[in-house]
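In: predicted model follows, preceded by the sequence.
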Amino acid sequence: MSGADVPPGSIDTRPTRLAVLRDALARADLDALLVSSLANVRYLTGFSGSNALLVITAKDCILLTDSRYATQVEEEVGGAATVRIESTNLWTGLWAQLGTLTSVERIGFESTHLLHRDFARLLEQGNRWSWRPTTDMVETLRAVKDAGELAHIERAIAMAETALRHTIPMLHAGLTETAVAGILERHLRDAGSEAFPFPSIVASGPRSALPHARAGDRVLEVGDFVLLDFGAVTAGYCSDITRTFVLGRASDEQREVYDIVREANLRASGALRVGMTGMAADAVARDYIAARGFGEAFGHSLGHGIGLEVHEEPRLARVVESPLAAGTVVTIEPGIYRAGWGGVRIEDDVFLSVAGPRVLTGFPRDLHELS
Ligand code: ZN
Ligand code: ZN
């Protein structure tokens, strides 16, 4: 059977991921990497538990977890790592394991994923090794999705869109934002979502001007913007989508702001190219919104990568000078927020390949007036 005949997700990609990481370790002059980010552990081994440390060397891949996960770790990891179940403390196990590895001296640690308490352990109990801070060694690999990962993300998007389709007919004046979030999350579960990537955002009326509003006890009124920002999760992979509706008839002012955001969204997703910087992508939407007179009203970044985490590499933001790689999946989420009045955000998920951008979210972007 040729590779192309293998259904997406059925190929074990973990050996390739390890090989690429080992090359990066060699280039960084490191003998090993201590992985403490649980998302990175999952990416490299398949293990999805909540307590783990992973050591990668040129030859070894050692995963430490505790006895609660003895069965799960065997099922999820198989032969992809040497598993050690620790009955006391993972760090005690780590020193014992490292002690068995010859020619390991310089070890990288993930500086953005280590508590200061644990860093102190490296300098005290771990002082026979030389510890070097690293950033984004695994995250850089995770930014580029393989076919199986893309298929998971597309399934998570389909779940979110199904849930939204079922939620819309149930929206009406008199519901609280929390009740709307409950309806949406119930439909996400019904669609098969295994979790929520973040607490679903439902922001209505003036509260839609708060880009990261939580659903609250405000009651929906006719004339409100109703902004829903939410996602689904399957096999650990997230989707992230935002749609903004008007309850009843939209005013001319609402329609004007909505159309600007929709146009900024379309321009930015259509302009994405491999090699473009995160800054240049962000500017496509930002410059358009500014030219239409709302530059001050778009405070946040254009978008972010999605995958095993809902916010991951790459970032599409004003300060990002690194170029976009082929195979990334990013959100495009411009918005306009006017305090006391309301706000609009339209967020889509886009796969970027050498052939150009492919918008994965299919939910309509036309202004929808909820009846
Ligand atoms: Zn979102
Ligand atoms: Zn987002």
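Out: Structure's in. What do you need? Ligands and ions are numbered 1, 2, ... in the order given.
In: from what I see, residue 345 and residue 242 are in contact.
Out: Yes - using Cβ atoms under 8 Å, residue 345 is in contact with residue 242, at 4.7 Å. Every residue, glycine included, has its C-beta placed from N, CA and C.
In: joint contacts of these two?
Out: Listed as contacting both residue 345 and residue 242 by Cβ atoms under 8 Å, 6 or more residues apart in numbering are 227, 229, 333.
In: contacting residues around the closest residue to ligand 1 within the stretch 51-200 of the chain?
Out: Nearest residue of the stretch 51-200 of the chain to ligand 1: residue 198, at 7.6 Å (Cβ to the ion). By Cβ under 8 Å, 6+ apart, the contact list for residue 198 reads 230, 231, 310.
In: from residue 110, how far off is the second one?
Out: Relative to residue 110, residue 231 is positioned 25 Å away (Cβ to Cβ, to the nearest Å).
In: tell me which of these two has more neighbours.
Out: Neighbour totals were compared for residue 231 and residue 110, and residue 231 leads with 27 against 19 (other Cβ atoms under 10 Å).
In: any idea whether residue 202 is helix, strand or coil?
Out: strand (DSSP: H, G, I helix; E, B strand; the rest coil).
In: scratch that, residue 179 is what I was asking about
Out: Recorded secondary structure, residue 179: helix (three-state DSSP).
In: show me where the stretch 51-200 of the chain has its helices.
Out: Listed in chain order, the helices found in the stretch 51-200 of the chain under DSSP state H, counting those that start in this stretch are 70-77, 90-100, 116-123, 137-142, 147-167, 177-190.
In: ligand 2 contacts on the chain?
Out: Where proximity means Cβ under 5 Å from the ion, the interface of the chain facing ligand 2 comprises 240, 331.
In: tell me how many other residues crowd residue 78.
Out: For residue 78, the tally of surrounding residues (other Cβ under 10 Å) stands at 13.
In: in which helix or strand would I find residue 337?
Out: strand 335-338 (DSSP states H and E).
In: do that strand and ligand 1 meet at all?
Out: No - under the criterion of Cβ under 5 Å from the ion, ligand 1 is not reached by strand 335-338; the shortest gap measures 10.2 Å.
In: nearest to ligand 2: which residue in the stretch 251-371 of the chain?
Out: residue 331 (4.2 Å).
In: who in the chain is up against ligand 1?
Out: Residues of the chain lying close to ligand 1 (Cβ under 5 Å from the ion) are 229, 240, 242, 347.
In: per-residue pLDDT, the residue of the stretch 51-200 of the chain closest to ligand 1?
Out: We have a pLDDT of 97 for residue 198.
In: report pLDDT for the residue sitting furthest away from the middle of the chain.
Out: No residue in the chain sits farther from the centre than residue 102, which is 36.9 Å out by Cα atoms, centre = their mean. Note for residue 102: predicted pLDDT of 88.
In: can you give me the distance of it to residue 30?
Out: Distance from residue 102 to residue 30, by Cβ to Cβ: 16 Å.
In: how about the strands in the stretch 201-350 of the chain?
Out: For the stretch 201-350 of the chain, the strands defined by DSSP state E, counting those that start in this stretch occupy 201-204, 225-230, 233-234, 237-238, 241-247, 303-305, 312-316, 328-332, 335-338, 342-345, 348-353.
In: figure out which of those strands is closest to residue 219.
Out: Closest approach to residue 219 among these is made by strand 201-204 (8.1 Å; Cβ to Cβ).
In: identify the residues contacting that closest one?
Out: Against strand 201-204 from outside (Cβ under 8 Å, 6+ apart): 177-178, 180-181, 184, 209-210, 212-215, 218, 220-221, 224-230, 242, 247, 343.
In: got any ranges where the chain has weak pLDDT?
Out: Across the chain, the ranges flagged by pLDDT under 70 are 1-10.
In: got the domain boundaries for it?
Out: Using automatic domain parsing, the domain parsing of the chain gives 3-141, 147-370.
In: pick the most buried one from the ones you listed.
Out: domain 147-370 (a mean of 19; mean count of other Cβ atoms under 10 Å).
In: mind checking the end-to-end distance for it?
Out: The first and last residues of domain 147-370 sit 37 Å apart, counting by Cα to Cα, to the nearest Å.
In: try stretch 170-180
Out: From its first residue to its last, stretch 170-180 covers 8 Å (Cα to Cα).
In: then stretch 308-328?
Out: Termini of stretch 308-328 sit 13 Å apart (Cα to Cα).
In: and it, how far out from the chain middle?
Out: Mean C-alpha position of stretch 308-328 versus that of the full chain (Cα atoms, centre = their mean, to the nearest Å) differs by 10 Å.
In: please apply the same query to stretch 203-216.
Out: Put simply, stretch 203-216 sits 21 Å off its chain's centre (Cα atoms, centre = their mean).
In: list the contacts of residue 62.
Out: Here residue 62 is in contact with 54, 55, 81, 82, 84, 97 (Cβ under 8 Å, 6+ apart).
In: what about those, which are in strands?
Out: Of the positions in the contacts of residue 62, 54, 55, 82, 84 sit in strands, assigned by DSSP state E.
In: what residues are bridge-paired with residue 241?
Out: residue 230 (DSSP bridges).
In: verify the stated contact: it with residue 161.
Out: Yes - contact criterion Cβ under 8 Å: residue 241 and residue 161 qualify, at 7.2 Å.
In: ok, now which ones touch the residue nearest the centre of the chain?
Out: For the chain, residue 310 is the residue whose C-alpha lies nearest the centre (Cα atoms, centre = their mean; 2.1 Å). Contact analysis of residue 310 by Cβ under 8 Å, 6+ apart lists 197, 198, 231, 238, 240.
In: pop out the phi and psi values for the residue nearest to it when sequence neighbours are not counted.
Out: Residue nearest to residue 310 in three dimensions, not counting chain neighbours: residue 197, with 3.9 Å by Cβ to Cβ, 6 or more residues apart in numbering. Residue 197 adopts backbone torsions of phi -60, psi -20, taken as degrees, to the nearest 10.
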